[in-house]
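# the sequence and its predicted three-dimensional model are supplied below.
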Amino acid sequence: MDSSGSQEKKSIPRFASFKPPPAPPPKADRPSDRRSHELAHRDEKSKHHSRHRSHRDRSRSRERRRERKEHHPTRRDAEQRDLEPTREPVRAPKTIVKEGEDEASDLYVIDRKGDKYNLIYGTLHRYNVPLYHRVGRGNVLGLPTSYRIDRETAEGDALILKTGISRTDAKRIKSKSVFAGLAKQRTKLLRVRKDPSLDAAAEASRDFLPLDASASRRRKGTPGDIATEDERYAYRSIHGKAKPEDDIPSDLEAVSDTDSSDGGLRVDPDEEIRSRNAELLRTVDRNPRDIEAWLLLIEHQELLLRGSERDSRALTAAERKSLADIKLSLYEKALKKVGDSPFKDVLLLGLLEEGAKLWDTKELSSQWQAVLKANSQFISLWVKYLDFRQTEFLDFTYEKCFNTYLECLKLNKLGPGEPGNGHVQVYLFLRLTCFIREAGFTEHAAGLWQGILETVFFRPEDLSLAKDEETLSAFIEFWESEVARIGELGAKGWRSGENALMEPKAFAPQFKVNTRAIFASWTACERERISNAQIPGRSLDEADEDDPYRVVIASDFREVLPLVWDMDLADALIDSFMYYCQLPPLKSPENLESTSRWAGDNFLRNEFISNTGTTMDDFLQNQTNSAEPSAISPLSFPHTNFIQTTDTLFADQEAWFSSLRWWTRTTMDSRSDINPDWVRRTLRLLVEANPRNDDLAEYALAVELACNSKEARKYAKSLLKKRSSNLRLYNAYALIECRSGNPTGAEHVWATTLSMSKTFSDHDRVDCALLWQSWTWESLNAQNLAQASHLLLSIPQNSVDLKAVPGAFSETMFSATSLLKAQNSLSEAQESALVTRKARIFVACTDCLALLAYLSHSFDVTKALESYSRAMDSLSTLPERFHSFRTFTTELIHQARAKLIHYHVRTSSLYKPSLIRSLLTESISLFPHNTIFLSLFAWNESRFRIEERVREVVRDVTTETKQRLSHDRTTAQQIPITSHLFSIYTELVRPVYAGSTLHSVRAAFEKAIGDPAHLPHTGTGALTNGVSSSTSTALSSLTLWKLYIMFELSRHEINRAKEVFYRAIRACPWSKELVMLAFTHLRADVVRDRYKDSPRKGEGMGFDELRRVYNVLVEKELRIHVDIEEELDRLAARRLEDAAMSLGPIQMPDDAESEGERMQL
């Protein structure tokens, strides 16, 4: 049908350069007439649309449907064409070769008039642009499919390719959040828009007429220039699409950095940053030996690079390298200027840290060697070198790392006698024993602890540690006698001479290696032998196979013990032993500084790795309360980082934080590498060797209660016979009775002890405050308010008549006289405790005063808070030399206040959440890594829908704070691993509506790990800030890596779990347990059985992959109880033979010519 129809045929517009198409080929060489007619009809129709504006007024949807129908024939049309009679086949058209000049004219045309639609619409004619879309999703033609174009990080004309990006991870890598673009926007400066009427009034008051006033007004514009905002940004407006920078309130206007309207003033947001940099440069020029000024200048370089417009955007890889290069040059310049400064090691460590971002492993290792050779006197360098050696995968072996530890111990022992050398030596010994145990040599590590504790605490009096050879020979003789050693049944210490002889033990393994399922059977055999190797064996023990590492021999002691035993730091040694046993540290004002640093050490806090059976369910146990399904329980976070007190050591786990809950759960299992019986027997002997250490005695009772309540009661009675005037131990005994289900017996112990204390000295009797505090809180938790009030009012008499306790609580119980007496008595005891520096007694008195005010003022928590505030005011008046005592006691007061807040929120419906938030925020600002305050803050905020407050607090506490110069830089303060784990925990328990996703949890893991190559590009997101360093990350934390792997497995992400697993063993090559995860959790048959009823992404590890993982154990010299290397080689050879046999014999093709030649022969 003719497209023109009845309409008048219109001429086709032609450009000046238009040439008619060449003549059509002969009819025989063309396609069918019908098809060409349809194409001409379709082209004419489209041109007709483009010429007539009236056609554009029709519905777009109608046009799109018609275009889709024209360009894509339907199946019905195809079937109709198939039904037409077939025509004679058409010969292939002959190729017509044109002349050169004709060919050149077809390549291009010259248009001198331009496109008229640019004048009409201000842009291209949309309907003349053919429809198109990209394909390939960033793939590059000719490259493997794993390579993709990274359009997010590309800058300028550069083309960046990335590999290893899976589709499931694309959303995490691309910043698609609504806030992702904020970091890319320039900083916008605004000012108040001037009122034109005010300008007119000012001009009228002048005595002259400005000639350029009208022009000025024209430049400023008038409201009539644009009729309305709707017209300004109307569809296809010549102003273009509305821009974010145009969305400015009407009373404000943007200020350009080149704006000179205000007297030539130039606004530069980065001017302050550059001025600060210039000031720092002048400072180091004036005083080049000032290390503090150099450090400030070096730290300022990152802000100088980011500028004021990008202060929250994560740096790109190129920017990170550029920044490291700048810092590296400044460190080198500073080292040339400072000379032989005692703080030179700070600059050297910074130099090596920045160099690690630029150099390869070989270059970094050579730089370390050169720095140590020229500056061997700095123990801080050796400790950091130790970290480097232990975490460097390519060059790591067990023997090399062990020798590095010995070098550090020898250097620190022979170095100058600085104040912190003893703590450094104990720290190095602790690190060494943890390293030995995590590499699989548990017997060796436990034997070293037995040796050091025997020689320090139970050495015979006629032996002196100054005589190394004599003492060492005597100890080895004691060791080789194979009597009971410390921690073993029947042991009484080296000096007693009455240690029981140990009977030989027989070990009959139940599992054997089966070559049909070699890795499954080997894993069971290995686990069985690991459980049997928690403490050193004897030479007479019977075993099926010879294991040279089961018995600790003399040479194992000779190279270590003399380096540690004469440090004269018995208390520090006990603290480090608790760290080795994964027990929570016992803090005091004396060890607060060192213990706080150790609490955040990634190499020490690895409770989650000590038990092979721990899973994500263990990490998230008790996260919700049935009565409060919308709020997480504050007591559910398993890891602790707070000061251990009586109420946490003997806590009711349903009412308050427990110090030993997680330790009990992980160690009371045969799969743990810590023997709880060995630990508690060792603590008993240490209590006997330290009769004046009440903290240790109370702690040992708490551990006994965690292991066995019956044994704890017996042990408490035996201790009280030896220390009959120790009120603190009586209080612990009463709490043991409470936790054993005997509250009546506990009340009898409290009442009897208080009556008996009247005969004690004033110095000892002040400890009664502990008993009043514990008894009152037990009554409150039992909802016996009347008894709690009666107890507080009985404090002046220092005795209790239980028969006089009223049946019901009433405010009339608190008469003015009785209330005043109780307050005065507690205030006197509080002052006495402050004078004698008894921190726990001071806090107990403060807590009793707060509870008295709380109960006597109708549960008004604000009245109770006044007591804590007054106590902190009293502490603030102490001289600076009591800084440790003040800090320690202040944290205890905040913990006591937090307990009252928690009780008030649980039991009262009338409270102000804002007040609770402000109190907890104050505590977190002072003690940002205390898990009591963090847990309670998250619990309080989880009741509301504003979850970002928790993320903000967590982001602050997991962000590095630069430490200035101090006397002890060997074990630098770092962000505790517990804070990183808490960040991950809050993301795991955060509800979906509050923004918790798989990607947010992974972002929390990656931020804790701090690997720049895997940090998500979230810009101003809640979880990243682009800052990472050796002290702010937990890259070497075994707990974190295992938890990450378990998380991916719990989400059935097998491929991701394997990827994280390989990253883990590269970051922590000394850990046998991380390697064993491949055989216990990632093995192919385990994955199939565990996830057979649910979809999973990826498959487990097969034979070849597991064999390569097994080779890691061999190459890194980690402990292997059952060697299967030969069996694996035979199986691998057999698999190759089977594969060859399955292909069959090779059949050569027949050669006819060869056959003919053979026949002729």
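Yep, that arrived. This structure is a prediction, so every number in the text was calculated from the model and none was measured.
# mind checking the longest helix of this protein?
Looking across the chain with DSSP state H, the single longest helix is helix 883-907.
# now the angle from the helix or strand following that helix to helix 883-907?
Using DSSP states H and E, the next helix or strand after helix 883-907 towards the C-terminus is helix 913-926. With axes from the mean of the first three to the mean of the last three CA atoms, to 10 degrees defining the directions, helix 913-926 sits at 160 degrees from helix 883-907.
# what's downstream of helix 913-926, the next helix or strand?
helix 931-941.
# grab the nearest non-local neighbour of Trp1070.
Leaving aside its sequence neighbours, Trp1070 sits nearest to Ala439 (CB to CB, 6 or more residues apart in numbering; 5.3 Å). Every C-beta, even on glycine, is put in place using the N, C-alpha and C of the backbone.
# before we move on, back to that, and the angle for the longest helix of the chain with helix 931-941?
Angle, helix 883-907 to helix 931-941, by the same axes, to 10 degrees: 30 degrees.
# buried residues of helix 883-907, list them for me.
Under the neighbour-count criterion of 16 or more other CB atoms under 10 Å, helix 883-907 has 885-905 buried.
# contacts only, for the residue nearest to Trp1070.
By CB atoms under 8 Å, 6 or more residues apart in numbering, the contact list for Ala439 reads Tyr398, Trp1070, Ser1071, Lys1072, Glu1117, Leu1118, Arg1119.
# possible to save those residues as JSON lines with neighbour count, pLDDT and distance to Thr515?
Formatted as JSON lines, those follow (neighbours: other CB atoms under 10 Å; pLDDT from 0 to 100; distance: CB to CB, whole Å):
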{"residue": "Tyr398", "neighbour count": "19", "pLDDT": "95", "distance to Thr515": "28"}
{"residue": "Trp1070", "neighbour count": "28", "pLDDT": "96", "distance to Thr515": "30"}
{"residue": "Ser1071", "neighbour count": "24", "pLDDT": "94", "distance to Thr515": "28"}
{"residue": "Lys1072", "neighbour count": "22", "pLDDT": "95", "distance to Thr515": "23"}
{"residue": "Glu1117", "neighbour count": "17", "pLDDT": "94", "distance to Thr515": "25"}
{"residue": "Leu1118", "neighbour count": "21", "pLDDT": "95", "distance to Thr515": "23"}
{"residue": "Arg1119", "neighbour count": "22", "pLDDT": "94", "distance to Thr515": "23"}
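# closest one to Val843 out of the residues you listed, please.
Using CB to CB, Ser1071 is the member of those that lies nearest Val843, at 39.6 Å.
# look up how far Phe882 lies from the closest one.
In this view, Ser1071 and Phe882 are 42 Å apart by CB to CB, to the nearest Å.
# go on, Arg516?
Arg516 sits 70 Å away from Phe882, going by CB to CB.
# and His370, how many residues sit next to it?
Actually, residue 370 is Ala. It isn't His. The tally of other residues near Ala370 (other CB atoms under 10 Å) stands at 10.
# and it, what pLDDT?
According to the prediction, Ala370 has pLDDT 90.
# and the helix or strand hosting it, which residues are buried?
Assigned by DSSP H and E, Ala370 falls within helix 361-374. By neighbour count on 16+ other CB under 10 Å, the buried set for helix 361-374 is Leu364, Ser365, Trp368, Val371, Leu372.
# then stretch 822-829?
Ala822, Gln823, Ser825, Leu826, Ala829.
# same thing with stretch 906-924?
Ile916, Leu919, Leu920, Ser923, Ile924.
# quick check: the last one touching Asn930?
What that stands for is Ile924. Yes: with contacts counted by CB atoms under 8 Å, Ile924 reaches Asn930, the gap being 7.5 Å.
# find the residue at the geometric middle of this protein.
What sits nearest the mean C-alpha location of the chain, by CA atoms, centre = their mean, is Ala1008, with 2.4 Å.
# grab the nearest non-local neighbour of that residue.
Ala1008's closest residue in space is His980 (CB to CB, 6+ apart), at 3.7 Å.
# and the one you found, what helix or strand is that in?
Per DSSP H and E: His980 is located in helix 977-989.
# got the CA positions of that helix in CSV?
The C-alpha trace of helix 977-989 is given here as CSV (Å, rounded to 0.1, in the frame of the first residue of the first chain):
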residue,chain,number,x,y,z
ILE,A,977,40.0,-7.0,69.3
THR,A,978,36.9,-7.0,71.5
SER,A,979,35.8,-3.6,70.0
HIS,A,980,36.1,-5.0,66.5
LEU,A,981,34.2,-8.1,67.5
PHE,A,982,31.5,-5.9,69.1
SER,A,983,31.2,-4.0,65.8
ILE,A,984,30.6,-7.2,63.9
TYR,A,985,28.2,-8.5,66.6
THR,A,986,26.0,-5.4,66.4
GLU,A,987,25.7,-5.8,62.6
LEU,A,988,24.8,-9.5,63.0
VAL,A,989,22.0,-8.8,65.5
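# any buried residues in that helix, and which?
By neighbour count on 16+ other CB under 10 Å, the buried set for helix 977-989 is 977-989.
# tell me the spacing between the residue nearest to the centre of the chain and Thr817.
Using CB to CB, one gets 57 Å for the distance from Ala1008 to Thr817.
# can you check Leu1077 too?
67 Å.
# then Leu851?
19 Å.
# who has more neighbours, those two?
Legend: neighbour count by other CB under 10 Å for Leu851 and Thr817, higher for Leu851 (24 against 8).
# residue contacts, that one?
Going by CB under 8 Å, 6+ apart, Leu851 touches Thr776, Trp777, Leu780, Ala788, Leu792, Ala864, Leu900.
# dump the residues you listed to JSON lines, plus secondary structure and distance to Leu910.
Listed next are the contacts of Leu851 as JSON lines, based on DSSP: H, G, I helix; E, B strand; the rest coil; distance: CB to CB, whole Å:
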{"residue": "Thr776", "secondary structure": "helix", "distance to Leu910": "22"}
{"residue": "Trp777", "secondary structure": "helix", "distance to Leu910": "21"}
{"residue": "Leu780", "secondary structure": "helix", "distance to Leu910": "17"}
{"residue": "Ala788", "secondary structure": "helix", "distance to Leu910": "19"}
{"residue": "Leu792", "secondary structure": "helix", "distance to Leu910": "22"}
{"residue": "Ala864", "secondary structure": "helix", "distance to Leu910": "14"}
{"residue": "Leu900", "secondary structure": "helix", "distance to Leu910": "15"}
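# including distance to Leu330, could those residues go into JSON lines?
Listed next are those as JSON lines, based on distance: CB to CB, whole Å:
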{"residue": "Thr776", "distance to Leu330": "59"}
{"residue": "Trp777", "distance to Leu330": "56"}
{"residue": "Leu780", "distance to Leu330": "59"}
{"residue": "Ala788", "distance to Leu330": "62"}
{"residue": "Leu792", "distance to Leu330": "62"}
{"residue": "Ala864", "distance to Leu330": "53"}
{"residue": "Leu900", "distance to Leu330": "51"}
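# just the buried residues from these, in ChimeraX please.
In ChimeraX, this line selects whichever of the contacts of Leu851 come out buried by 16+ other CB under 10 Å:
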select :776,777,780,788,792,864,900
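# buried set for stretch 743-751?
Pro743, Gly745, Ala746, Glu747, Val749, Trp750, Ala751.
# now those residues in CSV, with secondary structure, distance to Arg1090 and pLDDT?
What follows is the buried residues of stretch 743-751, written out as CSV (DSSP: H, G, I helix; E, B strand; the rest coil; distance: CB to CB, whole Å; pLDDT from 0 to 100):
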residue, secondary structure, distance to Arg1090, pLDDT
Pro743, helix, 44, 91
Gly745, helix, 47, 92
Ala746, helix, 46, 93
Glu747, helix, 50, 93
Val749, helix, 50, 94
Trp750, helix, 51, 94
Ala751, helix, 55, 93
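# so which of these comes closest to Asn602?
Ala746 (40.6 Å).
# that closest one against Ala732, yeah?
No: in this structure, Ala746 is not within contact of Ala732 by CB under 8 Å, at 10.8 Å.
# what's in contact with the helix or strand just after the helix holding Ala370?
For helix 361-374, the succeeding helix or strand toward the C-terminus, using DSSP H and E, is helix 379-391. The contact list for helix 379-391, computed with CB under 8 Å, 6+ apart, reads 345, 348-349, 352, 364, 368, 371-372, 375-376, 395-396, 400-401, 404-405, 407-408, 411-412, 415, 421, 424, 428, 431, 435, 603, 969-971, 1030, 1035-1036, 1067-1070.
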